[in-house]
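Undergrad: Quick one: sequence plus predicted model below, questions after.
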Amino acid sequence: MKTDPHTAKETAKRRTFAIISHPDAGKTTLTEKLLLFGGAIQQAGAVKSRKTERKATSDFLSIEQERGISVSSSVMKFNYKGFEINLLDTPGHKDFSEDTYRVLTAVDCAVMIIDSARGVEPQTRKLMEVCRMRNTPIITFINKLDREGMEPLDLFADIEEKLQIECTPITWPIGMGKRFRGVYHLDTKQLGLFSPGYSPRDGDGVVIDNLDDPILDRELGEQARELRDDVDLIQGAADPFDMDYYLKGSQTPVFFGSAINNFGVREMLDSFVQMAPPPGVRQTLTREVKPEEPGFSGFTFKIQANMDPAHRDRIAFFRICSGKFKRGMKVRHHRIGKDVIISNATIFMAQERSNVDEAFPGDIIGIHNHGTIKIGDTFTEKEELKFTGIPSFAPEHFRRVILKNPMKTKALQKGLTQLAEEGTIQVFRPRINNDYIMGAVGVLQFDVTMARLKAEYGVDAGSEPVDLSVARWITCDNEEMKKKFINQNAGSIAVDSEGWVAFLTTSEYQLGFAMEAWPDIQFHKTREYN
Ligand code: G4P
C-alpha cells in the first residue's frame, strides 16, 4: 500500500544532508551561506563559529553549558526553490566524531568540503569511511579558491587516490588566488565572475553560447584562453557525470568556489537540489522500509541533553523514514514494548525550534525524552520493526572512574548508564572487580562526562588512567567456546552498558595475540545499538 498523495509530494521535496569536512575547511561559513540563500537567516554572522569548541576543554564545556547555539544549529531546516532542506550539523571537534558518525546514518547525502590548499585531510578521510559504509552519495565543494591552492586536477587526483571516489567536475575555476576570476558551469555554460564579497542572485552570471564567444575575452582577457584549454582538456579526460554511479557513492560531482565570498555556492546549491536524492529506503532487521509506505516509522540517532538549562530536558533526534508524523499520534517504542503519545515534538529551524504538527520522511523531529529513549531506538505506528545501521565504535581511550563520595554509588550508576545511552561515553564493568571503566573515542568525552555527572546527577567523581588502549566486542557461534574464552581471559573481559561482552587489552599487539590464539572468536570494532 502507498501513502496518501500529500505525504508522497512532501516526501519528494525533502533533501536531508550533512556537511563533512576537516576543521577549518569552511563548514561554518558554507552553512551560513546556504542558510542565507534559503532565507533561514537574514544576515551573515548568525551562525556562530564554534571554533572555541576546538580550542580548550574549558571553552568547550562552558559553551556546552551555555547551549542555545548548538540547539538551533543541530538541525537546520530551510526552503530553497520548492525543496525542503534539512541540514544536519556535525560536531566540529574530532573528539566527538562518534556523534558525527551517527548523524551520518540519518542523512541521504553529504556535501564534502575540501580546502583547495590542503586537499584531503585526515578527518575528511575518516568521515568518508563512514559514508562509504552506507554508500552515501557525496557532492564535493572545493573551497578557498580566492587563495593560492593546489591545481584542480591535482586536487582530483588527491581525492581519487585518498578517498577512492571518482571526481567529475560540474563547475571549473578560472584561476586561483589573486588570479581567481570565477567559475564556469560546464553544463549550463554560465560564467560567474568573481569579485570579493559578491552576492549572487538568481540569473546572475554571464551566459555564453560557446567558449568562442568574444564576451569571454572581454571579461577574462588572457585567462579566456586558459579556460578554453582547461575545458578542452577536462572534457576529453574527466569522467562524465553518471547519476547511478554518484548515487552509489562511487562518483562525486565537484564544484569550486569561495564560501566566504559567497562565490560558487549558488551554483552548488542549484545543482544540489537536483542531484541530492530524496529520502531513500532504510534497512530494518526484518525488511526494507520504503519512504512511500503509509505507516509512520523512524529511529533515534542522537540525544542531546541540557538544551535548555532552565529545564533539564533531553531531546531525542528522530529521523522519519516512512509515513506521516502528526502531533499527538500514538506510536510504539519497540525496545521497551510500550505505546507512547508524542504530543510535543519539535522541528528545528535555523535559529529557533517550534512545535511540529506534521512532518514527513526525511524530516528530523525532536522528541522530549525523560531518560527512556536511547540512541538507535525505533518507533513505528504499527508494525514491529528495528532499524539497523546505527553504530557504536570501539573506544580508543580509557579511564577508571573514582567516586569521591561512596554514598553516591547509585547516582553514579544511574548517571553513567544514562550518559552511555546518550552516546556521551561508553561504560564497561570488568568481570573481576566493581570498577567503572569509561571508554571514549575522543578524550574530551571524559571531561564532558565528569562535568555532566556533577551538574545533572550531583556526583562528584574524578578519573584515573588505566593501562588499556584497545577494546573489541566479542561474539562466537559456539557458546561453549565463548565461555571458555571468557573464563581463560577473565582479567580482560568486561560487559558494556548494553550487556555486550568486550575484550579490553593494552595494545594492538595483545589483541593480535588473542585473535591468533582464538580463531573461533570474532572481535568487532563496531557494534550496533540494541
Ligand atoms: P570550519 O567550520 O570548517 O571549521 O571552518 P570555518 O567556516 O570556521 O572557516 C575556517 C576559516 O576559513 C575561517 O577563517 C574562515 O573565515 C575561512 N574561510 C572560509 N571560507 C573561505 C574562503 O572561501 N576563502 C578564504 N580565504 N577563507 C575562507 P578564520 O580566520 O580562521 O576565522 P574567522 O576569524 O574568519 O572566523
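TA: Alright, I've got the coordinates.

Undergrad: helix/strand/coil for Glu498?
TA: Under the three-state scheme (DSSP: H, G, I helix; E, B strand; the rest coil), Glu498 adopts coil.

Undergrad: Let me see the mean pLDDT of stretch 132-148.
TA: Mean pLDDT, computed over stretch 132-148, is 95.

Undergrad: Show me what counts as buried in stretch 422-429.
TA: 422-429 (16 or more other Cβ atoms under 10 Å). (Glycine included, C-beta is placed from N, CA and C.)

Undergrad: Specify which member of those is nearest to Val111.
TA: Distance to Val111, by Cβ to Cβ, is smallest for Gly423 among the buried residues of stretch 422-429, at 23.8 Å.

Undergrad: How much space separates the closest one from Ala471?
TA: Gly423 is 16 Å from Ala471, where distance means Cβ to Cβ, to the nearest Å.

Undergrad: got it, and Lys338?
TA: For Lys338 relative to Ala471 (Cβ to Cβ), the value is 32 Å.

Undergrad: Tell me which of these two has more neighbours.
TA: Ala471 (26 against 10; other Cβ atoms under 10 Å).

Undergrad: Distance from the chain centre to whichever strand or helix holds that one, please.
TA: Per DSSP states H and E: Ala471 is located in strand 470-475. Relative to its chain's centre, strand 470-475 lies at 25 Å (Cα atoms, centre = their mean, to the nearest Å).

Undergrad: What pairs with that strand, parallel or antiparallel?
TA: strand 501-505 (antiparallel), strand 522-524 (antiparallel) (DSSP bridges).

Undergrad: Among the buried residues of stretch 422-429, which one lies nearest to Leu104?
TA: Among those, and counting by Cβ to Cβ, the member closest to Leu104 is Gly423, at 13.5 Å.

Undergrad: now the helix or strand that comes right after the strand holding Ala471: mean pLDDT?
TA: Counting by DSSP H and E, the element after strand 470-475 in chain order, helix or strand, is helix 479-488. Mean per-residue pLDDT for helix 479-488: 97.

Undergrad: What parts of this protein come near the ligand?
TA: Neighbours of the ligand within the chain, by Cβ under 6 Å from any ligand atom: 21, 23-29, 49, 51, 92, 143-144, 146-147, 258-261.

Undergrad: From these, which land in strands?
TA: The strands, defined by DSSP state E, take in 21, 143 from these.

Undergrad: and Lys77, what helix or strand is that in?
TA: Here Lys77 is assigned to strand 75-80, by DSSP H and E.

Undergrad: Packing partners of that strand?
TA: Packing partners of strand 75-80 (3 or more Cβ pairs under 8 Å, 6 or more residues apart in numbering; DSSP states H and E): helix 27-37, strand 83-88, strand 345-348.

Undergrad: Could I get these in a markdown table, plus columns for mean neighbour count?
TA: Shown next, in a markdown table, are the helices and strands packed on strand 75-80 (neighbours: other Cβ atoms under 10 Å):
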| stretch | mean neighbour count |
| --- | --- |
| helix 27-37 | 24 |
| strand 83-88 | 22 |
| strand 345-348 | 22 |
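
Undergrad: okay, those in JSON lines with mean pLDDT next?
TA: Shown next, in JSON lines, are the helices and strands packed on strand 75-80 (pLDDT from 0 to 100):
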{"stretch": "helix 27-37", "mean pLDDT": "89"}
{"stretch": "strand 83-88", "mean pLDDT": "94"}
{"stretch": "strand 345-348", "mean pLDDT": "77"}
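
Undergrad: can those go into a markdown table with extra columns for distance to Gln274?
TA: Formatted as a markdown table, the helices and strands packed on strand 75-80 follow (distance: least, Cβ to Cβ, whole Å):
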| stretch | distance to Gln274 |
| --- | --- |
| helix 27-37 | 15 |
| strand 83-88 | 9 |
| strand 345-348 | 25 |
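
Undergrad: Ok, which of the ones you listed comes nearest Gln190?
TA: That would be, of the helices and strands packed on strand 75-80 and by Cβ to Cβ, helix 27-37, which comes in at 16.4 Å.

Undergrad: Centre of the chain to the closest one, how far?
TA: How far helix 27-37 lies from its chain's middle: 16 Å, per Cα atoms, centre = their mean.

Undergrad: Same check on stretch 102-114?
TA: That offset, for stretch 102-114, works out to 5 Å (Cα atoms, centre = their mean).

Undergrad: same deal with stretch 448-468?
TA: Distance, centroid of stretch 448-468 to centroid of chain: 26 Å (Cα atoms, centre = their mean).

Undergrad: Pull out the buried positions in that stretch.
TA: 448-453, 455-457, 459, 461, 463, 466, 468.

Undergrad: got any ranges where the stretch 401-530 of the chain has weak pLDDT?
TA: Applying pLDDT under 70 to the stretch 401-530 of the chain flags residues 530.

Undergrad: measure the residue of the chain positioned farthest from its centre to Pro406 for me?
TA: Relative to the centre of the chain, the most outlying C-alpha is that of Pro214, 45.1 Å out, by Cα atoms, centre = their mean. Taking Cβ to Cβ as the measure, Pro214 falls 84 Å from Pro406.

Undergrad: again, but for Glu384
TA: Distance from Glu384 to Pro406, by Cβ to Cβ: 43 Å.

Undergrad: Helices of the stretch 51-200 of the chain, residue ranges please.
TA: Using DSSP state H, counting those that start in this stretch, the helices assigned to the stretch 51-200 of the chain run over residues 52-55, 57-66, 69-74, 97-104, 122-133, 152-163.

Undergrad: Likewise for the stretch 301-450 of the chain?
TA: Counting by DSSP H, counting those that start in this stretch, the helices of the stretch 301-450 of the chain are 409-421, 444-457.

Undergrad: Now do the first one and helix 444-457, the angle between them.
TA: Translated: helix 409-421. If you take axes from the mean of the first three to the mean of the last three Cα atoms, to 10 degrees, helix 409-421 sits at 130 degrees to helix 444-457.

Undergrad: elements contacting helix 409-421?
TA: strand 397-403, strand 426-430, helix 444-457.

Undergrad: Kindly report the same for the longest one.
TA: With contacts defined as 3+ Cβ pairs under 8 Å, 6+ apart, the secondary structure elements packing on helix 444-457 are helix 57-66, strand 397-403, helix 409-421, strand 437-440, strand 461-465.

Undergrad: Now tabulate those in JSON lines and tack on distance to Leu36.
TA: Below are those laid out as JSON lines (distance: least, Cβ to Cβ, whole Å):
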{"stretch": "helix 57-66", "distance to Leu36": "24"}
{"stretch": "strand 397-403", "distance to Leu36": "39"}
{"stretch": "helix 409-421", "distance to Leu36": "36"}
{"stretch": "strand 437-440", "distance to Leu36": "36"}
{"stretch": "strand 461-465", "distance to Leu36": "43"}
